[in-house]
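[1] Pasting the sequence and the predicted coordinates here, then a few questions.
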Amino acid sequence: MLQTLSYELGVLAKAVHHKNLSAAAIHVGLSQPQLSRVISKIEKELNVVLLDRSARRKSGWTPLAQDLAITFSKGFGRLEAEIASVAQDIQLNEIHIGTLEGLSNIALEFVQDCFLHLQMKRVFLDVYDIAELDSQFLSNNLDLAFTVKPPGQKKFSHLLEVGYQQVDKVSSDKKTLVVSPFEFSATDKKTLDGASQALISNSLELRRRWLKERGGSGILPVDAKTGKGRGPYTIYLLGSEMLSPRLWDQISKLFKN
């Protein structure tokens, strides 16, 4: 029964702060006849009297109306607190992070901060190439993403510049091009035509091994560092729009310290 009266009891909890029905109607966003119907419904359902209608001009609230409003407000407050507590536990106990392979060291340092400072119990850390990282993040499968290129043209409310990354240009054999899928799609036609063969791999480790052991021409990301500095790539930390603002504030403070 009380579940079906939650709206009406919520109106009552606001109305009793004003001395009578006509004064309350002005402040609860209802006309006096509408408020009267709300109060009558509660009285009928609970078989109680909430308005002292003995006064000739203006009806006043009975002590029972005051008690009922206080009881409802306390119960609703506890419910809100319990919901917030559950939501906070979920947010703070588990987090899903995606990163580019070249940023894995920074991601691992952040995971350590998650355990030590954010009191996380479980951290899921996955490595993607840039295309899949974008896809996973935009599909809301990740809470956080370490990247060097925010996806698309969208403006993100949870976005931090957390570091920078240098690169090594390797050019021991210009006939063999060694690139990531993202680099391959961005390589100009002249460079592609100048190479007789190309190895395209989303694995940084495989590209690094090939260039070291077999030679080739390519770019390897190195020396990813947190903090302010100079490099061809800025390192960004993206937070999901679904992330708790409180948690994002805590994360932001970790990188400011």
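    Yes, it's here. None of these values were measured; they are calculated from a predicted model.
[2] Not counting residues beside it along the chain, what's closest to residue 19?
    residue 60 (6.6 Å; Cβ to Cβ, 6 or more residues apart in numbering). Bear in mind the C-beta positions are built from the backbone N, C-alpha and C, glycine included.
[3] To clarify, my last question referred to residue 16.
    residue 69 (4.4 Å).
[4] helix or strand for that neighbour, which one?
    helix 63-93 (DSSP states H and E).
[5] following that helix, which helix or strand comes up?
    strand 94-100.
[6] show me the contacts for residue 201.
    Residues near residue 201 by Cβ atoms under 8 Å, 6 or more residues apart in numbering: 178, 180-181, 207, 210.
[7] May I ask you to confirm that the residue nearest to residue 16 is in contact with residue 13?
    Yes. Counting by Cβ atoms under 8 Å, residue 13 is a contact partner of residue 69 at 4.4 Å.
[8] Compare those two (neighbour count), which wins?
    With neighbours defined as other Cβ atoms under 10 Å, residue 69 and residue 13 compare such that residue 69 has more, 21 against 18.
[9] ok, that one to residue 101 distance?
    59 Å (Cβ to Cβ, to the nearest Å).
[10] and if you look at residue 93?
    27 Å.
[11] Of the two, which one has the most company?
    The neighbour comparison of residue 93 against residue 101 (other Cβ under 10 Å) goes to residue 101, with 19 against 12.
[12] ok, for that one, nearest residue in space, not its chain neighbours?
    Nearest to residue 101 is residue 204, by Cβ to Cβ, 6+ apart, at 4.0 Å.
[13] can you pull the contacts of that neighbour?
    101-102, 180, 220-221.
[14] Serialize the residues you listed to JSON lines and add fields for distance to residue 36 and secondary structure.
    Below are the contacts of residue 204 laid out as JSON lines (distance: Cβ to Cβ, whole Å; DSSP: H, G, I helix; E, B strand; the rest coil):
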{"residue": "101", "distance to residue 36": "67", "secondary structure": "helix"}
{"residue": "102", "distance to residue 36": "68", "secondary structure": "helix"}
{"residue": "180", "distance to residue 36": "70", "secondary structure": "coil"}
{"residue": "220", "distance to residue 36": "76", "secondary structure": "strand"}
{"residue": "221", "distance to residue 36": "70", "secondary structure": "strand"}
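[15] With respect to residue 113, which of the contacts of residue 201 is nearest?
    residue 180 (27.8 Å; Cβ to Cβ).
[16] What is the neighbour count of that closest one?
    23.
[17] What distance do you get for it to residue 223?
    Applying Cβ to Cβ to residue 180 and residue 223 gives a distance of 18 Å.
[18] In three-state terms, label residue 41 for me.
    helix (DSSP: H, G, I helix; E, B strand; the rest coil).
[19] Quick check: chain neighbours aside, which residue is closest to it?
    Counting by Cβ to Cβ, 6+ apart, the residue nearest residue 41 is residue 8, at 5.6 Å.
[20] what helix or strand does that neighbour sit in?
    Assigned by DSSP H and E, residue 8 falls in helix 6-15.
[21] Please name every helix or strand in contact with the next helix or strand along the chain from that helix.
    Counting by DSSP H and E, the element after helix 6-15 in chain order, helix or strand, is helix 21-28. Contact here means 3 or more Cβ pairs under 8 Å, 6 or more residues apart in numbering; DSSP states H and E; on that basis helix 21-28 packs against helix 6-15, helix 32-46.
[22] List the buried residues in helix 21-28.
    21, 24-25, 28 (16 or more other Cβ atoms under 10 Å).
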